[in-house]
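*Asks:* sequence unknown, structure follows:
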């Protein structure tokens, strides 16, 4: 009987580890959002707004003036995107020249190279584009992603007065060759319960530091679901 109990226990632990790998955030210890003393914290979701993430720091909060702060792309984020963009663009140009009949010796030619270069350069451009800066401007009373819109109700924008709290959650992500890592997500929680993703990267210490600075700037609480 002891043997079977040990086998059952071992099987249960193995099954639990397997489930944790399959389900994002399953290995995160459960917590009670009621500890924040806010009924809205109980009603909002505590799952990722944007699945996936990065295992390095993609953005940091920068002070632009007394009334403006923004999350800017880090050097590592720009370098990561350029690793795709520049080689892809170079391959695309060389392949285009070769296909146009320009002699390049034993260089790159053919439609596969042309297509591959286009895909890689597009991926790099998309990474830069998707990592748009998020700005908070107390002078106009708006927050917005990318270029300042003409209307605070534009996609990715809103009024600072609608922000109720800042939410931090974590997510288990699977990398290449069976590796895994945690990515940490910062979301705006609006007064109507809507959540808007701000950034998502792999450094909880830097994310917390930036979030608490933003909290003081906006005058709203931080709901940290990772602590």
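*Replies:* Received it, and whenever you're ready, just let me know what you need. Keep in mind that this is a model prediction, so the values were computed, not measured. Numbering: from 1, shown residues only.

*Asks:* would you confirm that residue 214 contacts residue 61?
*Replies:* Yes: judged on C-beta atoms under 8 Å, residue 214 makes contact with residue 61 at a distance of 6.0 Å. Where C-beta positions appear, they are placed from N, C-alpha and C, glycine not excepted.

*Asks:* run a quick neighbour tally on residue 179.
*Replies:* The number of residues packed near residue 179 is 9, by other C-beta atoms under 10 Å.

*Asks:* got it, and residue 214?
*Replies:* The tally of other residues near residue 214 (other C-beta under 10 Å) stands at 21.

*Asks:* now do the SS call for it.
*Replies:* When classified by DSSP: H, G, I helix; E, B strand; the rest coil, residue 214 comes out as helix.

*Asks:* list the contacts of it.
*Replies:* Contacts for residue 214 (C-beta atoms under 8 Å, 6 or more residues apart in numbering) come out as 61, 69, 136, 166.

*Asks:* likewise for residue 70?
*Replies:* Per C-beta under 8 Å, 6+ apart, neighbours of residue 70: 61, 62, 64, 133, 134, 135, 136.

*Asks:* can you tell me which of the contacts of residue 214 is nearest residue 49?
*Replies:* Ranked by distance to residue 49 (C-beta to C-beta), these are led by residue 166 at 12.8 Å.

*Asks:* quick one on the thing from earlier: what's the overlap in contacts for residue 214 and residue 61?
*Replies:* Joint contacts of residue 214 and residue 61 (C-beta under 8 Å, 6+ apart) are residue 69.

*Asks:* what's the domain layout of the protein?
*Replies:* 27-72+132-224, 77-128 (automatic domain parsing).

*Asks:* average model confidence for the shortest one?
*Replies:* The reference is to domain 77-128. When pLDDT is averaged along domain 77-128, the result is 64.

*Asks:* give me the low-pLDDT residue ranges for this protein?
*Replies:* 1-30, 80-81, 83-118, 120-132, 175-178 (pLDDT under 70).

*Asks:* that one: strands as residue ranges?
*Replies:* For the chain, the strands defined by DSSP state E occupy 59-65, 68-73, 134-137, 142-145, 157-159, 163-174, 180-190, 195-201, 222-224.

*Asks:* which ones are touching residue 151?
*Replies:* With C-beta under 8 Å, 6+ apart, residue 151 has these contacts: residue 157.

*Asks:* repeat for residue 220
*Replies:* Under the criterion of C-beta under 8 Å, 6+ apart, the neighbours of residue 220 are 163, 164, 165, 166.

*Asks:* narrow those residues to those that are buried.
*Replies:* In those, burial by neighbour count holds for 163, 164, 165, 166, counting by 16 or more other C-beta atoms under 10 Å.
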